[in-house]
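K.L.:
let me see the structure of the following:
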Amino acid sequence: MLDNLDTINWSEMRESYGASAARVPELIRSLLSEDQMIRDKAHDQLSRAINNTYIVGTASLAAIPFLIKLLEFDETPDKAKVLFLLGEMLVYPVDVARPDAQLRVDVATAIWTGFDIYVRLLRHNTEGKVQYFAASLLFELRCFPAEFDERLQHLYAEIRANPPDEELIQEFPKWDKIWLDSATGEDENE
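P.N.:
Here you go, the predicted structure:
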């Protein structure tokens with residue numbers, strides 16, 4: 001599943017706070033551990049490594065394809081946390097004055113490549129948390145490359161036609177603010 005992980009020269013890359021990214025491949029592998037504590041620790045450390053205080057590093061961009069790959073496999077545990085890792089990198093819009101502005105655009109574009117996987121998880125995963133974080137990630141993607149707007153508009157139309165069931169909305173009360181308002185075209189500031 002992660003065969004090409006070692007083909008990247010991680011030690012030449014930088015984590016979000018500037019340290020060598022040599023530990024990143026092991027952290028990604030640890031997300032597949034059977035031990036929940038190991039997965040939780042890897043998630044926390046990877047979160048800081050690829051998105052420390054909303055700063056991305058070169059390792060962030062390199063990690064994205066592997067995180068997306070993890071989402072493709074049924075046997076991957078804690079998919080909601082993987083979706084959360086991806087979404088964390090999109091929380092703030094790109095500020096062109098920032099030194100990492102182009103890298104942030106590249107990160108957003110790389111995350112967009114998993115669009116169909118996020119949609120599949122939103123539609124077909126039976127775990128509410130996975131659906132919620134897939135919706136959150138898709139919501140954050142609305143701020144990035146305009147050429148993808150049409151794909152989101154088709155998805156919004158589908159959500160309007162088939163909204164999530166009431167039980168899911170009850171479990172995740174922010175669902176309507178995060179997703180349904182976008183699907184109906186309502187402005188959250190109104």
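K.L.:
make it CA atoms for all contacts and neighbour counts henceforth
P.N.:
Fine.
K.L.:
so where's the chain shaky on pLDDT?
P.N.:
Within the chain, the stretches with pLDDT under 70 are 53-54, 91-99, 143-149, 156, 159-160, 162-190.
K.L.:
those helices in it, which residues are they?
P.N.:
Under the criterion DSSP state H, the chain contains helices at 24-30, 36-50, 58-72, 79-88, 101-112, 115-124, 128-141, 149-161, 166-171, 175, 181-184.
K.L.:
what comes up buried for the third one?
P.N.:
Think helix 58-72. By neighbour count on 16 or more other C-alpha atoms under 10 Å, the buried set for helix 58-72 is 58-68, 70-72.
K.L.:
just the fifth one next, same as before
P.N.:
Going by neighbour count (16+ other C-alpha under 10 Å), the buried part of helix 101-112 is 101, 103-105, 107-112.
K.L.:
between the residues you listed, which is nearest A161?
P.N.:
Using C-alpha to C-alpha, W112 is the member of the buried residues of helix 101-112 that sits closest to A161, with 23.8 Å.
K.L.:
the closest one against L141, yeah?
P.N.:
Yes. If you go by C-alpha atoms under 8 Å, W112 and L141 touch, sitting 7.2 Å apart.
K.L.:
what's the local residue count around E26?
P.N.:
13 (other C-alpha atoms under 10 Å).
K.L.:
domains for this structure, by residue range?
P.N.:
Using automatic domain parsing, the domains assigned to the chain come out as 1-113, 115-190.
K.L.:
most packed of the ones you listed?
P.N.:
By mean neighbour count, with neighbours taken as mean count of other C-alpha atoms under 10 Å, domain 1-113 ranks first of those at a mean of 18.
K.L.:
could the buried residues of helix 101-112 be laid out in a markdown table, adding distance to Q153?
P.N.:
Below are these laid out as a markdown table (distance: C-alpha to C-alpha, whole Å):
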| residue | distance to Q153 |
| --- | --- |
| A101 | 26 |
| L103 | 26 |
| R104 | 23 |
| V105 | 21 |
| V107 | 22 |
| A108 | 18 |
| T109 | 18 |
| A110 | 20 |
| I111 | 18 |
| W112 | 15 |
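K.L.:
and which of the residues you listed is nearest to D6?
P.N.:
A110 (19.3 Å).
K.L.:
list the contacts for the closest residue to the closest one other than its chain neighbours?
P.N.:
Closest residue in space to A110, ignoring its immediate chain neighbours: I64 at 6.7 Å, by C-alpha to C-alpha, 6 or more residues apart in numbering. Taking C-alpha atoms under 8 Å, 6 or more residues apart in numbering as the criterion, I64 is in contact with 86, 107, 110-111.
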